[in-house]
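>>> Here's a sequence, model it:
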Amino acid sequence: MRKIITFLISMFFIISCSSPNNEVSSPNKNIRLSFNIDEDGFMSYNVKVNDNIFIDDSQLGFEAKDGLNLKNSFEIIKTEFSSKDESWEQIWGENKTIRNHYNEMAIHLANIDSTYLTIRFRLFNDGLGFRYEYRIKDTDKIIITDE
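So this is what the prediction gives:
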């Protein structure tokens, strides 16, 4: 009996660790972004505002010159979450004090070619942004041919 319980607890732990939470919301929880990878390693995201679909599943990734693949065959290595709430003052402009308040999700990915890709999503109360960060052995620049 003890072995069965140990096995079930181990399986629960493995399953819960192997399906990371790939969702982040704005600080006020009104905007929610989900990141997904399908069985072929194609990446996509969608955005809901107040539980209504705002951006339906949209594919992410690039094709680059010389056959470099930044589009599919990726697996998630790790997902990290962070938040920031700070204010700063600009020298001129309509608003003197700017509030920088967001929640961030960084998805770290890799493929069989040892291409490492990080996609950072930042959700603010009034919008979102994302960026790609890549690390490819012996490559300091890439030429994008298709998005």
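
>>> Can you find the helix or strand in this structure with the smallest mean pLDDT?
helix 2-18 (a mean of 44; mean pLDDT, DSSP states H and E).

>>> CA atoms only for stretch 88-101, dumped as PDB, please.
Extracted in PDB, the C-alpha atoms of stretch 88-101 (Å, rounded to 0.1, in the frame of the first residue of the first chain):
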ATOM      1  CA  TRP A  88       9.900  57.800 -12.900                       C
ATOM      2  CA  GLU A  89       9.800  61.400 -13.900                       C
ATOM      3  CA  GLN A  90      10.400  62.700 -17.400                       C
ATOM      4  CA  ILE A  91      12.000  66.000 -18.100                       C
ATOM      5  CA  TRP A  92       9.100  67.200 -20.300                       C
ATOM      6  CA  GLY A  93       5.800  66.000 -21.600                       C
ATOM      7  CA  GLU A  94       2.200  66.000 -20.800                       C
ATOM      8  CA  ASN A  95       2.600  63.800 -17.700                       C
ATOM      9  CA  LYS A  96       5.500  64.500 -15.500                       C
ATOM     10  CA  THR A  97       5.400  61.200 -13.500                       C
ATOM     11  CA  ILE A  98       5.200  57.900 -15.400                       C
ATOM     12  CA  ARG A  99       4.100  54.700 -13.700                       C
ATOM     13  CA  ASN A 100       5.800  51.500 -15.000                       C
ATOM     14  CA  HIS A 101       3.500  48.700 -13.600                       C
END
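
>>> one step back: starting from the least confident helix or strand of the chain, tell me the next helix or strand along the chain.
strand 23-25 (DSSP states H and E).

>>> quick check: mean pLDDT across the next helix or strand after that following strand?
Counting by DSSP H and E, the next helix or strand C-terminal to strand 23-25 is strand 31-37. The average pLDDT for strand 31-37 rounds to 97.

>>> For this protein, which residue occupies the most central location?
Centroid check for the chain by CA atoms, centre = their mean gives residue 107 as the closest residue, at 4.0 Å.

>>> List the contacts of that one.
With contact set as CB atoms under 8 Å, 6 or more residues apart in numbering, residue 107 has these partners: 22, 35, 76, 79, 118, 119, 120, 121. From N, CA and C alone the C-beta is placed, and that goes for glycine too.
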